[in-house]
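> Just to be clear, the model below is a prediction. Sequence and coordinates:
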Amino acid sequence: MVETPTHIELKGSRRPMKSGARRLRDVDPNMQIEVTVALKAPALPKSEAVPGQALTPKEFTDRYGAAPADIQAVERGLRSFGLTVQEVAPNRRYLRMSGTAAAIEAAFQPGMAIYHSADQGQFRGRAGTVKVPAELDGLITGVFGLDQRQVARRKAASAASATSATTAPLTPSDLETRYSFPRGDAAGQTIAIAEFGVPTQTGTIIAPTYFPDEVASFCQAQDRPAPNIQVVPVNLSPLTPAQLQQLDPQSQQVSVDISIEVMMDIEIVAALAPGATVLVYFASFDEKGWVDLLNQITAGQPALPVSVSISWGLAEDSPDWSAGALQAINEGLQAAAMQGITVCVSAGDDGSGDAAADRRAHVDFPAASPFALAVGGTMLRGSDEVVWWEAPGRRTNKGGGSTGGGVSVDFQRPSWQEVRVASINPGGIDGRVIPDVSALAGPPFYALVLPGGMTFNGGTSASAPLWAALIGRVNAALPASKRQRFLTPLLYGADGGGQMLGQTVCRDITSGQNASRPHPGKGYSAGPGFDAASGWGVPVGQRLAAVLANV
């Protein structure tokens, strides 16, 4: 007699052991764990069908939220294992539940353990697949929060690279002039910024420290008004300067290091869009953190932004991503796009190799998503603006770095991206090409006030918030009927005058390349028109506002 299985393998859940990790011990069965469960819900449309008119969060939920009966069935089934419902996500596509490690093991059979790796220290992880109760097969499409491995890197240029600047870094006024920002201050707009904490050697998460006095000092020095900044904890709160002082010296240094990223993002947006409300979201640096953060942003909690800046990512084909997480994060970005939010994502700071150790070219995720605006980097060479590349084309302890860019291996090229760029990988597909656009990332960098005495920095971590701020400025200048639109596909459409919009609203970057050495040792070159080193080029903001008002 064949026994009926009690659990079914969850598609897309397979993850290998983290590279270089070793198993230390079992997870304490009494440890409390929270998971985010993805629910069966109506399929989202293909990238070609993103609506021109933005949906409200309610409209999105009404069309694409899970059926109430299915939500209740999942809640009832998981309660039987001892789990507790924490929240149904506002879009009704996810469910947060918690319970002891023993209950989680019984419900999903992930085989969790405590691991150690040189780059992350101790963390809770798993290897293999997740299973779901047989009666819930088809109703659950993902489970996130079982594995705490770090799945993204911050994109800020290294301090060593920043200190190599030989000319004065650019001020907000310099940037507004260089990129022809439209008049105004983005009053009435909301701009979001995504930030993450990092795991430590003890398995805890260290949050960045937010230094409001440094933001105020920077804005005052740049003759900018005091910004309206709101901290939004997702599942992590930033440290205050007083809390930072209570940490041990090593943990203090970790928090300060990641705070450089946070402060740079905030100061660039605050200075270039001083009239906007700036929402800074903080989440854990694992798959669950990504999913929860995007759910909260797209729910409009506390307000729906017109743009989002994300300066974090990892090679799209890294084994540290699970296929299910890529799908869930991509769907979160799609939810944003369908609500008219342009998510500006750094294309990466490690050139064509994206810090991978093989001989192939890689692109960064989530920049590679067709629902993101992938932002690459430039630098100044005399009076010329060229593709950002500093030897060896990737970050090292001695400096270096280069813009990410290339052709995706995971995401097909959307039909609206009608460009001719071939992958440099043998057998590569006609995948999504990034970046879409660029802005300053390398020398002479950005004038800032940062922790640790640094006064300037860059990387595509800086070019992404610049674009997010510019979109806020542009949106405020548009007539009401032309506001709140996902920008990326518009760049590849007609400008009303016989050209693609990207050609009209960007200044072409025609010199430079992004090869990282020694791997893969080749890259993509800039040239006339669109390319995989600079996209359409750098913004001409006033032209962007003028064209979007009539398209």
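Everything's here; your move.
> so how far is the helix or strand where residue 328 lies off the chain centroid?
Here residue 328, judged by DSSP states H and E, is contained in helix 323-338. Here helix 323-338 is found 11 Å from its chain centre; the criterion is C-alpha atoms, centre = their mean, to the nearest Å.
> what packs against it?
Helix 323-338 is packed against helix 57-64, strand 140-144, helix 287-298, strand 342-346, with contacts defined by 3 or more C-beta pairs under 8 Å, 6 or more residues apart in numbering; DSSP states H and E. No exception for glycine: its C-beta is placed from N, CA and C like everyone else's.
> Reformat the ones you listed as JSON lines; add mean pLDDT and distance to residue 526.
Converted to JSON lines, the helices and strands packed on helix 323-338 look like this (pLDDT from 0 to 100; distance: least, C-beta to C-beta, whole Å):
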{"stretch": "helix 57-64", "mean pLDDT": "97", "distance to residue 526": "37"}
{"stretch": "strand 140-144", "mean pLDDT": "98", "distance to residue 526": "38"}
{"stretch": "helix 287-298", "mean pLDDT": "97", "distance to residue 526": "31"}
{"stretch": "strand 342-346", "mean pLDDT": "98", "distance to residue 526": "18"}
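> Could you tell me which residues within the lengthiest helix in the chain count as buried?
Looking across the chain with DSSP state H, the single longest helix is helix 249-272. By neighbour count with 16 or more other C-beta atoms under 10 Å, helix 249-272 contains the buried residues 251-252, 254-272.
> for the protein, which spans come out with low pLDDT?
Applying pLDDT under 70 to the chain flags the ranges 1-3, 154-166, 199-203.
> what's the domain layout of it?
7-144, 153-158+188-477+485-548 (automatic domain parsing).
> any idea which residue sits dead centre in this protein?
With distances taken as C-alpha atoms, centre = their mean, residue 310 lies nearest the centre of the chain, 3.9 Å away.
> How many neighbouring residues does residue 45 have?
For residue 45, the neighbour count with other C-beta atoms under 10 Å is 13.
> Over to residue 141?
22.
> Just grab the bridge partners of the closest residue to it other than its chain neighbours for me.
Using C-beta to C-beta, 6 or more residues apart in numbering and skipping residues adjacent in sequence, the residue nearest residue 141 is residue 38, 4.5 Å away. Residue 38 forms beta bridges with residue 94, residue 142, as assigned by DSSP bridges.
> just so I have it, where are all the helices in the stretch 51-200 of the chain?
Secondary structure of the stretch 51-200 of the chain by DSSP state H, counting those that start in this stretch: the helices cover 57-64, 68-79, 101-108, 159-162, 172-178.
> Could you check the angle the first one makes with helix 287-298?
So that's helix 57-64. 120 degrees (axes from the mean of the first three to the mean of the last three C-alpha atoms, to 10 degrees).
> before we move on, what about the longest one?
With the same axes, to 10 degrees applied, the angle from helix 68-79 to helix 287-298 works out at 150 degrees.
> quick one: contacts of helix 68-79?
Residues from elsewhere that reach helix 68-79 (C-beta atoms under 8 Å, 6 or more residues apart in numbering): 37, 39-40, 85, 88, 92, 95, 97, 107, 133, 135-136, 139-140.
> what does the first one give?
By C-beta under 8 Å, 6+ apart, the list of residues contacting helix 57-64 from outside reads 41-42, 44, 55, 90-93, 298-300, 304, 335, 338-339.
> check which helix or strand covers residue 467.
Applying DSSP H and E as the criterion places residue 467 in helix 460-477.
> quick one, that helix and strand 342-346 angle?
Using the same axes, to 10 degrees: helix 460-477 against strand 342-346 is 160 degrees.
> Return the distance of helix 460-477 from the chain's centre.
Using C-alpha atoms, centre = their mean, the offset of helix 460-477 from its chain centre is 15 Å.
> Send me that helix as PDB with only the CA atoms.
Extracted as PDB, the C-alpha positions of helix 460-477 are listed here (Å, rounded to 0.1, in the frame of the first residue of the first chain):
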ATOM      1  CA  THR A 460      26.500  53.600  -8.300                       C
ATOM      2  CA  SER A 461      25.100  53.800  -4.800                       C
ATOM      3  CA  ALA A 462      25.300  57.600  -5.400                       C
ATOM      4  CA  SER A 463      23.900  57.600  -9.000                       C
ATOM      5  CA  ALA A 464      20.800  55.700  -7.900                       C
ATOM      6  CA  PRO A 465      19.600  58.200  -5.300                       C
ATOM      7  CA  LEU A 466      20.400  61.000  -7.700                       C
ATOM      8  CA  TRP A 467      18.000  59.600 -10.200                       C
ATOM      9  CA  ALA A 468      15.400  59.000  -7.500                       C
ATOM     10  CA  ALA A 469      15.600  62.600  -6.500                       C
ATOM     11  CA  LEU A 470      15.500  63.800 -10.100                       C
ATOM     12  CA  ILE A 471      12.300  61.800 -10.700                       C
ATOM     13  CA  GLY A 472      10.800  63.500  -7.700                       C
ATOM     14  CA  ARG A 473      11.700  66.900  -9.100                       C
ATOM     15  CA  VAL A 474      10.400  66.000 -12.500                       C
ATOM     16  CA  ASN A 475       7.100  64.500 -11.200                       C
ATOM     17  CA  ALA A 476       6.400  67.700  -9.200                       C
ATOM     18  CA  ALA A 477       6.800  69.700 -12.400                       C
END
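> Next, the buried residues of that helix.
Neighbour count says helix 460-477 has 460-477 buried, by 16+ other C-beta under 10 Å.
> ok, now stretch 223-230?
Under the neighbour-count criterion of 16+ other C-beta under 10 Å, stretch 223-230 has 224, 227, 229 buried.
> ok, what's across the strand from residue 198?
According to DSSP bridges, beta-bridge pairing links residue 198 with residue 206.
> which ones are touching it?
Contacts of residue 198 (C-beta under 8 Å, 6+ apart): 150, 205, 206, 254, 258, 285.
> Please consider this matter closed, and thank you.
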